[in-house]
Structure formats: C-alpha cells, structure tokens
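Trainee: Turn this into a model:
(chains A and B)
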Amino acid sequence: MTLSLVIPTLETPRLILRGPEPDDFEPLCAFLLDHDRSWGFGTEKDRPKAWRWFALSIGHWALRGYGYFTMEWKETGKPCGLTGIWNPEGWPEPEVGWLLYEGFEGRGIAFEGAERARRWAYEDLGMTTLTSNIVPGNARSVALAERLGAQFEKAYDNVEMGAEHLYRHPSPMELGIDPNDRAEVGV
Amino acid sequence: MSGTVDRPILHTERLILRPFETRDVEPGVEYLITDRSVFMGGPYSRHDAWTHCCHLIGHWAVRGFGLFVICLKGTDEAIGDVGPFRPEGWPENEIGWGLWQPQHEGHGYVTEAALAARRYAFEVLGWETAVSYIDPDNARSLAVAKRLGCTLDTDAAFPDLPDWDGTLVYRHPNPRLASR
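Mentor: Numbering: from 1, shown residues only, chains lettered A, B, ... in the order given. Model (predicted):
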C-alpha cells in the first residue's frame, strides 16, 4: 500500500511550480524564522515549528488536493518562494497565498506564480471564487493582490493570524476563464 | 513529494497498524481538542489539532516513516497512534504512542501496538536505538514504557522545546538483541 500525493507541475515563462521536496525545507525555514520577511505570512519561532509547518503543508495537499507549490526559478533551478491555494481548518475559504525568498523581490515573480496558481484552481479544480488574506499594513501584498485584480472585501479575525483583511479575486468569468473549458479530472 | 511512499501495514494479535492518513484526521482532531491530549501538548484548538494531524501525514512523506494509527481488527477506525517519530528538533529517534478514547484503556492495546511498531523500527527501518519522551506526570505512559522493557536514561537529551523541562527519556531495548 502506498500514499499517493498527486501534485501537478505548472509552468510560467520564468517559473516552475511543483510540489514540495525535502530539500525545500532549509530555504523555507530561513524565511519562516526571519520575522522581517515573514511577519505577513506567519513567523515561526524555532526550527521545530518551521519543520512542523513544512510537514503540514505537505499533509494539506493530501487532505485538500491542493496546497502550496514551491516556485522554482527556471534559469537556476533554485526555489524562490511558495505560492498556491491554502485552506486549513478554520480558514474562511480557500485563498491564494504567496511568499518570496530573499533576493527574488521586485521582478514580478510572486505575481507570475500566483496568477498561474489561481488559474489552475479555477480551470483544473473548478473553484468558482478565491480570496487572499492579508495582514493590515502589508503594503507589498496589498499591491500584489490589487495587481491580480483582487479587491478589499472585509476585515475579519483569522484563527491563526488575528486581524486580517480579506481580498476577493476576480471570478473565473471575469478573468475570461470559461468553466466549461476546464479539464475534466478523472477519478 | 509527488509520487508514492511505501505504506506498511502491521498486524498483531488484536490490532492493525496502518500509516496515519487523511481519514484519521477527524478522529485525531477530536482527541487532540480534549484534555486527554494534555501530555501531547494539548488540549489544542481545532485549527491547531487539524494542522498537527496534517503534519503527521507530511512526516511520512518527508521521512518515509511516521506514526501509525491503531485499529482494532475488523474495524478501520483509528483509536490511537503509535510508532517511529522524528520531527525536526528531536535529538534522536522516538517511539511515540497515544490512546484517543478512554474506553480503550486497560486492554494492553498500546503495549501490543508499540511492540510491533518498535520491531518495525529496528528490523525494517534499521534503527540502532530508540527512546520515548514521557511527561513525569503521565503515569499510564510510564507504565507502558516499563512493560516495554524501557529503562530511564538520565544522560539522554530531550527536545529543547518550551514546556518540555523535566521530560523523562526512556530507552528501548533492541528487540533484535532481546531474547523474546
């Protein structure tokens, strides 16, 4: 008997989006322990907690059938961040999330990756709406959400992050994605 | 982590042990949100319990081994968990266990399950040694450790985590060397 994790590989002009691999832990850990970088995502206080988050992000794929992809920078093959669809127990609804590792900001990487993940969720998972939860004051993430066409909908209290702003992404129709075109996923 | 991971099934006289998987999250959460999980870092909020169970599934994917759930033969309902455990921050390999519901206490299920899981860790995973980390107030687990032939190892380190001060480290005998 085997555990099957079916995680697709997606592509953009500059990125590969793939499932997490054991070697992805160290760069992710460096990010999660660095409060200056990760406060808007959720800083972890030590390596055991960071590993726990890493393992949970894999289990999330098993439970939900979606989760965070590792974004790989094609030119070098190096991981440059995460993006994907996140919806643990207690979340208001599935959200598009993203994070970038040091040295990869300012090149539109998060936009490119998040836009692809969102299209995958609409086309292949058949989702009909998506959100992004943003900690108030995270101007970079607000700018990205707005660039993705998302709009502020409400303030709410997130079970893990506390006060957050929920942004609503454009629907598949508004993005010109015809749900009838979506690939039928066989069982 | 796309692809497949070997998922062993262990059989004992009365029990079936199978790797922790998605259908075990719900009963696992119901256990972790109660006071029964106080020696496992609980009681957890529902969100934290869910993410904890998710991480147990991820542990299998990353390490290639992890906690088994314990099912009574003839049922597929998880009543506890047991087995090899090595998250980040553990100084060495652990055999862990937990029984999720009070009505299953007193039957020796955990000891029976832990013996099988320990044999698997040493014989199949090739472990040379293993410990169990036990809260000194956890009388039931201390009794299990003794029944398993474990001995207190006061020189061994335990995970350097908040609220872990005073944790007892019990070292398992190597079942390959023991004459059983």
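Trainee: Near chain B, which residues of chain A are found?
Mentor: Chain A comes close to chain B at residues A:1-9, A:18-22, A:25, A:46-48, A:50-63, A:88-90, A:159-160, as judged by C-beta under 8 Å from any C-beta of the partner chain. (C-beta placed from N, C-alpha, C; glycine too.)
Trainee: Filter those down to the buried ones, ChimeraX style.
Mentor: In ChimeraX, this line selects whichever of the residues of chain A next to chain B come out buried by 16 or more other C-beta atoms under 10 Å in any protein chain shown:
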select /A:3,5,7,18,19,20,25,46,47,48,50,51,52,53,54,55,56,57,58,59,60,61,62,63,88,89,159
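Trainee: Among the residues of chain A next to chain B, which are located in helices?
Mentor: Counting by DSSP state H, the part of the residues of chain A next to chain B found in helices is A:25, A:47-48, A:50-63.
Trainee: got a list of what residue B:57 touches?
Mentor: The neighbours of residue B:57, taking C-beta atoms under 8 Å, 6 or more residues apart in numbering or on different chains as the test, are A:3, A:55, A:58, A:59, A:62, A:63, B:20, B:21, B:22, B:25, B:66.
Trainee: Leaving aside the residues adjacent along the chain, what's closest to the fourth one?
Mentor: With sequence-adjacent residues excluded and distances taken as C-beta to C-beta, 6 or more residues apart in numbering or on different chains, residue A:59 is closest to residue B:54, at 3.2 Å.
Trainee: Is that neighbour within a helix or a strand, and which one?
Mentor: helix B:46-63 (DSSP states H and E).
Trainee: Against which helices or strands is the following helix or strand past that helix packed?
Mentor: Past helix B:46-63, heading to the C-terminal end, the next element that is a helix or strand (DSSP H and E) is strand B:68-72. Using 3 or more C-beta pairs under 8 Å, 6 or more residues apart in numbering or on different chains; DSSP states H and E, the elements in contact with strand B:68-72 are strand B:15-19, strand B:78-85, helix B:109-123.
Trainee: and of these, who's closest to residue B:32?
Mentor: With respect to residue B:32, and counting by C-beta to C-beta, the nearest of these is strand B:78-85 at 10.6 Å.
Trainee: helices and strands around the closest one, which ones?
Mentor: Using 3+ C-beta pairs under 8 Å, 6+ apart, the elements in contact with strand B:78-85 are helix B:25-32, strand B:68-72, strand B:94-99, helix B:109-123.
Trainee: I am finished for the moment; much appreciated.
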